[in-house]
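**Q** sequence below, structure please.
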Amino acid sequence: MNAAGVAVLHHLPGVGRNLNEHPSLAMSSWIRRGHRLGKAPRRHVQAAWRYSSGVEGCGHGDMFMVVVSKSAWHPIGRRIGSLFSWINKSYSTGWVRLNPENPAGRPEIAFQMLSDPRDMARMKLAVRRMWSLYASTEMRRACSDPFAATHGAMAKLVGGVSLRNWLVTLGPALLTEGPGPLRKLLIDRLFAGGHDIRTALEDDEAMEEMIRKHTIGGYHPSGTCRMGRPDDEAAVVSPHNGAVHGLGGLHVVDASVMPCVPRANTNLPTTMLSEKLADGLI
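**A** Next up is the predicted model:
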């Protein structure tokens, strides 16, 4: 704060620290004819699997995977499906802080995902588990050419529902129906970003490079104003009602007060937390 030229009215060192997320990674594939979804259902996540990694100290139910049976509404999206895995119980933490050079602008946000070795180790296991599923006889009948995927600039460019975007994606989609080598070339050039999963499975450095490139957050940021006792230097608010320690009349009631991101999506836990802290205000 001082470095940014902003006067500190009350010193709480925990503010902005302990930024939590669910590190996530998708392994996608081309879906064969006869196994694709049509226009309906619009919601395309069809199944989920919560499981335990078995990594020491990471607890039960620390991993999660969903089946995404189509990636988007357009012709390419209907031909691309994914297994999408994330670490339900992550240990890596980051921070949010003012940019000293421009305190009125965008803050510095560093999730530091996979900085804890336990998270990287489990993401490697998740990649191998997804690959083993794609290698099964049943999955080979339904899809081919799995690759590590990231929702990138191309997906954003054609994400909006419009005739133009439908036409733009139609040509590449139809080309994937051609010979296998042509489809693989298109996938490597347009979707896979140059990372070969088979190489990563045999080379640990290549595996880490691929994982770091394709890992994203689960849109579950939390923890930067975590609750705790007043004598806990890292705590920011009271677990009774979200009152900021040492300041009267200021409360925080949202996912930022969570000590750690829950082993679940944050929507319902945030609603429950809000109900509980609101009761403390009465």
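**Q** the nearest residue to residue 281 once chain neighbours are set aside: neighbour count?
**A** Spatial nearest neighbour of residue 281, excluding adjacent residues (Cβ to Cβ, 6 or more residues apart in numbering): residue 241 at 5.1 Å. Every C-beta, even on glycine, is put in place using the N, C-alpha and C of the backbone. Residue 241: 16 surrounding residues under other Cβ atoms under 10 Å.
**Q** can you check the one 4 residues further on too?
**A** Each residue near residue 245 was counted by other Cβ under 10 Å, and the total is 18.
**Q** next one: the one 4 residues further on
**A** Counted with other Cβ under 10 Å, the burial measure for residue 249 works out to 6 neighbours.
**Q** quick one, helices of the stretch 1-150 of the chain?
**A** Counting by DSSP state H, counting those that start in this stretch, the stretch 1-150 of the chain has helices at residues 75-79, 117-134, 137-142.
**Q** point out where the stretch 151-282 of the chain drops to low pLDDT.
**A** Residue ranges of the stretch 151-282 of the chain with pLDDT under 70: 151-158, 193-195.
**Q** now the strands for it?
**A** Assigned strands in the stretch 151-282 of the chain: none (criterion: DSSP state E, counting those that start in this stretch).
**Q** count the residues that sit near the residue nearest to residue 98 when sequence neighbours are not counted.
**A** Nearest non-adjacent residue to residue 98, counting by Cβ to Cβ, 6+ apart: residue 4, 4.4 Å away. Around residue 4 there are 14 other residues, counting by other Cβ under 10 Å.
**Q** quick one, grab the pLDDT at residue 4.
**A** In this model, residue 4 is scored at 71, pLDDT.
**Q** over to the one 4 residues further on?
**A** Residue 8 carries a pLDDT value of 86.
**Q** circling back to that earlier point, mind listing what the residue nearest to residue 281 touches?
**A** Contacts for residue 241 (Cβ atoms under 8 Å, 6 or more residues apart in numbering) come out as 251, 277, 280-281.
**Q** so which pair among those is furthest apart in space?
**A** Farthest pair in the contacts of residue 241 (Cβ to Cβ) is 251 and 280. Separation: 9.0 Å.
**Q** give the residues shared as contacts by these two.
**A** Contact criterion Cβ under 8 Å, 6+ apart; residues shared by residue 251 and residue 280: 241-242.
**Q** got a pLDDT number for residue 1?
**A** pLDDT recorded at residue 1 is 61.
**Q** circling back to that earlier point, highest average neighbour count across the helices of the stretch 1-150 of the chain?
**A** Mean neighbour count (mean count of other Cβ atoms under 10 Å) peaks for helix 75-79 among those, with a mean of 22.
**Q** closest one to residue 94 among the helices of the stretch 1-150 of the chain?
**A** Nearest to residue 94 among those is helix 117-134; the distance by Cβ to Cβ comes to 11.9 Å.
**Q** what helices or strands is that closest one leaning on?
**A** strand 24-31, strand 63-68, strand 80-87, strand 143-149, helix 197-202, helix 204-214 (3 or more Cβ pairs under 8 Å, 6 or more residues apart in numbering; DSSP states H and E).
**Q** deepest in the core, which of those is it.
**A** Comparing the helices and strands packed on helix 117-134 by mean neighbour count (mean count of other Cβ under 10 Å), strand 80-87 ranks first with a mean of 25.
**Q** quick one: mean pLDDT over that one.
**A** Mean pLDDT, strand 80-87: 95.
**Q** run me through the strand neighbours of that strand, direction for each.
**A** Here strand 80-87 is paired, per DSSP bridges, with strand 24-31 (antiparallel), strand 63-68 (antiparallel).
**Q** mind checking which of the ones you listed is nearest residue 216?
**A** strand 24-31 (5.5 Å).
**Q** thinking again about what came up before, list the contacts for the residue nearest to residue 98?
**A** Applying Cβ under 8 Å, 6+ apart, we find residue 4 in contact with 98-100, 103.
**Q** just to revisit the earlier point, of the helices of the stretch 1-150 of the chain, which approaches residue 25 most closely?
**A** For the helices of the stretch 1-150 of the chain, proximity to residue 25 was assessed by Cβ to Cβ; helix 117-134 is nearest, at 6.2 Å.
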